[in-house]
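Trainee: Below are the sequence and a predicted model for it; my questions follow.
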Amino acid sequence: MKIKKILFILLAIACLWACEKVEDIVDFPRHKSRLVVNGFFHADGRWEFDVSKSLSVIDNAPLAKINNASIQIFENDILIETLTLPLIKDGFYHSDTDSKPVFGKNYSIVVSADGFESVSAADKLPTPVPIVSTDFKIIDSSFYTSSGSNIYGYINSTVSIKFNDPVGEENFYQLEVLYPYTLYNFDSSKYQNRFISFHLNSDDLSIEEGLEGNIIFSDLIFDGQTYEISAEFTHYNAPPEFTYYIYFKSLSKSCFLYKKTYGLYLNKMNDPFAEPVQVYNNIENGFGIFAGYAADVDTIK
């Protein structure tokens with residue numbers, strides 16, 4: 001009986017092994033690379049784009065930048081500029097003219113490059129919603145002296161802004177608190193101005209789940225009202241005197257959807273139990289984002 005049982009088990013294992021199908025990695029399809037174009041535009045800045053190419057999920061090649069692209073920019077369907085040469089060989093294109101986006105007008109792009117199908121996208125520059133008032137409160141702080149007379153510390157604060165939401169419009173917003181600092185660039189031997197964006201926390205019901213610390217929301221629950229939104233943040237290694245820049249951004253719908261889904265993707269990418277997140281894309285025949293935003297800025301010293 002023991003011999004029969006052993007023979008039966010061995011026979012079952014052999015049958016299961018024979019039924020297993022082995023797939024070679026070469027059997028999986030490799031998708032043709034497409035252009036990837038990323039460009040955010042606003043009224044105070046020049047046109048800037050990052051152009052690269054897509055890769056298959058089983059492709060181990062480095063993410064290559066595209067340096068031979070042609071980017072046509074249209075304003076209300078009229079060609080206003082063509083970008084052809086990147087700043088350096090890194091796929092970063094920018095305008096050298098004084099051409100800037102204008103509020104209320106529609107913009108579109110057509111991007112082409114040798115070996116790729118052309119891609120296109122369209123979006124608009126939203127009108128900024130001004131900040132009516134800004135309120136800043138220090139919850140807790142602690143400063144200490146180090147390295148002689150240098151004083152540093154931390155500040156835990158809340159910032160609140162009040163604004164008038166336009167009536168009968170679908171509006172999307174982002175709140176940022178920035179702190180300027182100076183960074184020395186060893187390549188250029190010059191000091192460059194940079195900004196730190198603080199991690200913001202808020203329990204406001206209008207806030208969408210997005211990138212952690214990135215306050216994005218719509219006017220779904222307060223359309224046409226005067227609304228106030230608050231957020232808390234902590235500033236470490238703060239000097240005794242400084243200025244905060246409060247950026248209140250009006251986002252196009254495409255810009256809002258991209259920031260929301262990209263934030264969700266980053267938050268869940270290391271969670272093996274999370275559902276896959278599809279990042280919003282408005283590039284026809286390719287990948288990426290072309291979106292506009294406007295900003296009103298207040299300062300707190």
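Mentor: Here it is on my side, so go on. Numbering: from 1, shown residues only.

Trainee: Report how many residues lie close to E117.
Mentor: 12 (other C-beta atoms under 10 Å). In this view, the C-beta of every residue, glycine as well, is placed from N, C-alpha and C.

Trainee: Pretty sure S33 is one of the things it touches, is it not?
Mentor: No: applying C-beta atoms under 8 Å, one finds E117 not in contact with S33, separated by 10.0 Å.

Trainee: and N164, what are its bridge partners?
Mentor: Taking DSSP bridges as the rule, N164 bridges to T226.

Trainee: Which residues are in contact with it?
Mentor: V129, P130, V132, Q225, T226 (C-beta atoms under 8 Å, 6 or more residues apart in numbering).

Trainee: So for the residue most central in space within the chain, what's the nearest residue that isn't a sequence neighbour?
Mentor: The centroid of the chain falls nearest to K259 when counting by C-alpha atoms, centre = their mean (5.0 Å). Using C-beta to C-beta, 6 or more residues apart in numbering and skipping the chain neighbours, the partner closest in space to K259 is I216 (5.5 Å).

Trainee: give the contact list for that neighbour.
Mentor: By C-beta under 8 Å, 6+ apart, the neighbours of I216 are F172, Y173, Q174, I207, E208, G210, L251, F256, K259, K260, G263.

Trainee: Could you do P130 as well?
Mentor: F163, N164, D296.

Trainee: element containing the residue nearest to K259?
Mentor: strand 215-218 (DSSP states H and E).

Trainee: Now do the same for that strand: mean pLDDT, whole number.
Mentor: Summarised as a single mean, pLDDT over strand 215-218 is 94.

Trainee: quick one, strands of the stretch 1-150 of the chain?
Mentor: For the stretch 1-150 of the chain, the strands defined by DSSP state E, counting those that start in this stretch occupy 35-41, 48-53, 70-75, 78-83, 92-94, 106-112, 119-124, 131-146, 150-164.

Trainee: would you list those strands in JSON lines and tack on mean pLDDT and distance to Y179?
Mentor: Shown next, in JSON lines, are these (pLDDT from 0 to 100; distance: least, C-beta to C-beta, whole Å):
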{"stretch": "strand 35-41", "mean pLDDT": "96", "distance to Y179": "21"}
{"stretch": "strand 48-53", "mean pLDDT": "94", "distance to Y179": "23"}
{"stretch": "strand 70-75", "mean pLDDT": "96", "distance to Y179": "33"}
{"stretch": "strand 78-83", "mean pLDDT": "94", "distance to Y179": "32"}
{"stretch": "strand 92-94", "mean pLDDT": "91", "distance to Y179": "25"}
{"stretch": "strand 106-112", "mean pLDDT": "96", "distance to Y179": "31"}
{"stretch": "strand 119-124", "mean pLDDT": "96", "distance to Y179": "30"}
{"stretch": "strand 131-146", "mean pLDDT": "88", "distance to Y179": "13"}
{"stretch": "strand 150-164", "mean pLDDT": "90", "distance to Y179": "11"}
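
Trainee: got a markdown table for those strands, with distance to R194 too?
Mentor: Output for these, formatted as a markdown table (distance: least, C-beta to C-beta, whole Å):
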| stretch | distance to R194 |
| --- | --- |
| strand 35-41 | 18 |
| strand 48-53 | 17 |
| strand 70-75 | 27 |
| strand 78-83 | 25 |
| strand 92-94 | 17 |
| strand 106-112 | 28 |
| strand 119-124 | 27 |
| strand 131-146 | 22 |
| strand 150-164 | 18 |
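
Trainee: Ranking those by mean neighbour count, which comes first?
Mentor: Of all these, strand 35-41 carries the top mean neighbour count, a mean of 22, counting by mean count of other C-beta atoms under 10 Å.

Trainee: Alright, I will stop here.
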